[in-house]
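>>> Here you go, sequence then predicted model.
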Amino acid sequence: MPELPEVETTRRGIEPLVVNKGVDRVLIHNASLRWPVPTTLCHLLPGQKASRVWRRSKYLLFDFNHGTLIVHLGMTGHLRLDPAVAENRKHDHVEIVFTDGTALRYNDPRRFGAILWTDDDPLEHPRLSALGPEPFAPEFNATYLYQRSRNRKVAVKQFLMDAHVVVGVGNIYASEALFRAGIAPACHAGKISKAAYKRLVETVVEVLKEALAAGGTTIRDFADSEGRPGYFTQSLCVYGRVGQPCVTCKTLIKQIKLGQRSTFYCPSCQN
DNA sequence: AGTGCGGCCTGTCCGC
DNA sequence: TGCGGACAGGCCGCAC
């Protein structure tokens, strides 16, 4: 389940493998994703080459000569580069074959992801235009969060996970950042003090950076192809630890639902 | 405008 | 051992 660190890790891995390679052809094996994969890609992309791969929120953006390919990994999306002659696997949706004989394949069992195309400024695309700041950007600070949250009754965890407020904070890292900041997840966003938001900004940045340094480890990927457990899994203080003692005070971790999402917290440390 | 929630999906896990 | 159902969750889009 890619959150921002996983998407950024994917970007770093993929970019050097695709930049400046000419597209030979595009094969759409299964257009069914969140939105149908535009079939126009098949005649748009051949002959073009990607100049860079960048990221906004959890969207990967492949700049081509005449537009931008927008890729969202959803919950279970994966990009991999392998020989064009390699057999397709189950749930391979799209294959971009390069003239050098390699192919970029998008695989997504649960189809929550998306592949879109724009020949305009991708940041103006409807999916991206209303997004909040990046968590590592200076605009994401205590004053911003405090002002945005006034009069908001929504739980602070849901507020934090709202991509219109700040991007890239998914369910796991929201619980972790709130724990580290000592803020109860169900507290109304509008009731949180500026000092607490200052702590929250710091812990969000901290948690995301740690996860990124750990290679973007996630919960369910923790046995990778070589059987290695993910590093960040071992750093989780509350997520998935219901009934286990708090690492700080030994109080048992609680689990609740907020906005239909599992939420974990220490009832003693977070208030 | 803010809020709540159904829906999209399949692999995994649990209880019977 | 097999099977059904709950669960996981990013994010849209609708209803109020």
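Happy to help now that I have it. Residues are numbered from 1 along each chain as shown, chains lettered A, B, ... in the order given.
>>> Return the residues of the stretch 1-150 of chain A in contact with DNA strand C.
Counting by CB under 7 Å from any atom of the strand, the residues of the stretch 1-150 of chain A lying close to DNA strand C are A:1, A:3, A:34, A:57-58, A:72, A:74-76, A:110, A:112, A:127. (Glycine included, C-beta is placed from N, CA and C.)
>>> near DNA strand C at all, the helix or strand harbouring residue A:264?
Here residue A:264, judged by DSSP states H and E, is contained in strand A:261-265. Yes. Applying CB under 7 Å from any atom of the strand, one finds strand A:261-265 in contact with DNA strand C at A:261-262.
>>> near DNA strand B at all, that strand?
No. Using CB under 7 Å from any atom of the strand, strand A:261-265 stays clear of DNA strand B, with a minimum separation of 9.3 Å.
>>> what comes up buried for that strand?
Within strand A:261-265, the residues that count as buried by 16 or more other CB atoms under 10 Å are A:261, A:263-265.
>>> Distance check, residue A:91 against DNA strand C.
13 Å (CB to the nearest atom of the strand, to the nearest Å).
>>> Reduced to three states, what does the closest residue in space to that residue that isn't next to it in sequence come out as?
Leaving aside its chain neighbours, residue A:91 sits nearest to residue A:109 (4.5 Å; criterion: CB to CB, 6 or more residues apart in numbering). Following DSSP: H, G, I helix; E, B strand; the rest coil, residue A:109 is assigned to coil.
>>> Hmm, residue A:25 is touching residue A:48, no?
No. Using CB atoms under 8 Å, residue A:25 is not in contact with residue A:48, being 11.7 Å away.
>>> Could you measure from the nearest residue to residue A:144 once chain neighbours are set aside over to DNA strand C?
Among residues not flanking residue A:144 along the chain, residue A:133 sits closest, at 7.3 Å (CB to CB, 6+ apart). Noted for residue A:133: a distance of 14 Å to DNA strand C, by CB to the nearest atom of the strand.
>>> who touches residue A:133 in this structure?
Contacts for residue A:133 (CB atoms under 8 Å, 6 or more residues apart in numbering) come out as A:139-140, A:144, A:166-167.
>>> For these, pick the one with the most neighbours.
Within these, most neighbours by other CB atoms under 10 Å means residue A:166, with 24 neighbours.
>>> Show me what counts as buried in stretch A:252-262.
A:253-254, A:258, A:261.
>>> Alpha carbons only: can I get it in PDB?
Extracted in PDB, the C-alpha atoms of stretch A:252-262 (Å, rounded to 0.1, in the frame of the first residue of the first chain):
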ATOM      1  CA  LEU A 252      -2.700  -1.000  26.000                       C
ATOM      2  CA  ILE A 253      -3.100   0.400  22.500                       C
ATOM      3  CA  LYS A 254      -6.600   1.100  21.400                       C
ATOM      4  CA  GLN A 255      -8.200   0.700  18.000                       C
ATOM      5  CA  ILE A 256     -11.200   2.800  16.700                       C
ATOM      6  CA  LYS A 257     -12.700   3.700  13.400                       C
ATOM      7  CA  LEU A 258     -12.500   7.200  12.100                       C
ATOM      8  CA  GLY A 259     -13.900   7.900   8.700                       C
ATOM      9  CA  GLN A 260     -14.100   4.100   8.100                       C
ATOM     10  CA  ARG A 261     -10.400   3.900   8.700                       C
ATOM     11  CA  SER A 262      -8.700   1.800  11.400                       C
END
